[in-house]
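K.L.:
turn this into a structure:
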Amino acid sequence: MYRPSKKTLSVLAVVLLLLWSGFLLTIGWAMRQPPETFGRVMKHMPMPAFFLFPFETMWVQARAGTVNPGDMAPNFTLPTVDHKSEVELSALRGKPVVLVFGSYT
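P.N.:
As a prediction, this is how the structure comes out:
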């Protein structure tokens, strides 16, 4: 019966660690990209891969914002529902604004 040597097992362990680290770095990079890029990367990810890295912890860290309660919101521009014009947040200063992040489907 073949028994791999300690050197072979050590090399295998290092190779697996390097592959896992590269995988973590790639996912970490993708999480910090715009949603379109992140989606393109994640659609190629096999489901068992989600069990190989701390996805939720990485996601929380990657998407943690820098705005705290009471801080002024950063300015941004969004298209209107009919996509005929755009609305800038700063133009609504002094008016109530509600931002809803989610899906109604």
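
K.L.:
after the helix or strand Ser10 falls within, which helix or strand is next? Please name it.
P.N.:
Assessed by DSSP states H and E, Ser10 sits inside helix 6-31. The helix or strand immediately downstream of helix 6-31 is helix 35-42, counting by DSSP H and E.

K.L.:
show me what the helix or strand just after that following helix is packed against.
P.N.:
With elements assigned by DSSP H and E, the helix or strand that comes after helix 35-42 is helix 55-62. Applying 3 or more CB pairs under 8 Å, 6 or more residues apart in numbering; DSSP states H and E, one finds that helix 55-62 makes contact with helix 6-31. Backbone N, C-alpha and C define where each C-beta goes, glycine included.

K.L.:
on that earlier part again, packing partners of the helix holding Ser10?
P.N.:
Short answer (3+ CB pairs under 8 Å, 6+ apart): helix 6-31 packs on helix 35-42, helix 55-62.

K.L.:
so which of those helices gets nearest Leu99?
P.N.:
helix 35-42 (16.0 Å; CB to CB).

K.L.:
what are the buried residues along that closest one?
P.N.:
Phe38 (16 or more other CB atoms under 10 Å).

K.L.:
how far does that helix sit from the chain's center?
P.N.:
Averaged C-alpha coordinates place helix 35-42 at 9 Å from its chain's average position (CA atoms, centre = their mean, to the nearest Å).

K.L.:
convert that helix to CSV, retaining C-alpha atoms only.
P.N.:
Taking Å, rounded to 0.1, in the frame of the first residue of the first chain, the C-alpha atoms of helix 35-42 are listed here in CSV:
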residue,chain,number,x,y,z
PRO,A,35,-22.8,44.7,-8.4
GLU,A,36,-22.5,43.8,-12.1
THR,A,37,-18.9,42.6,-11.7
PHE,A,38,-19.7,40.8,-8.5
GLY,A,39,-22.7,39.1,-10.2
ARG,A,40,-20.5,38.0,-13.1
VAL,A,41,-18.0,36.4,-10.7
MET,A,42,-20.5,34.8,-8.4
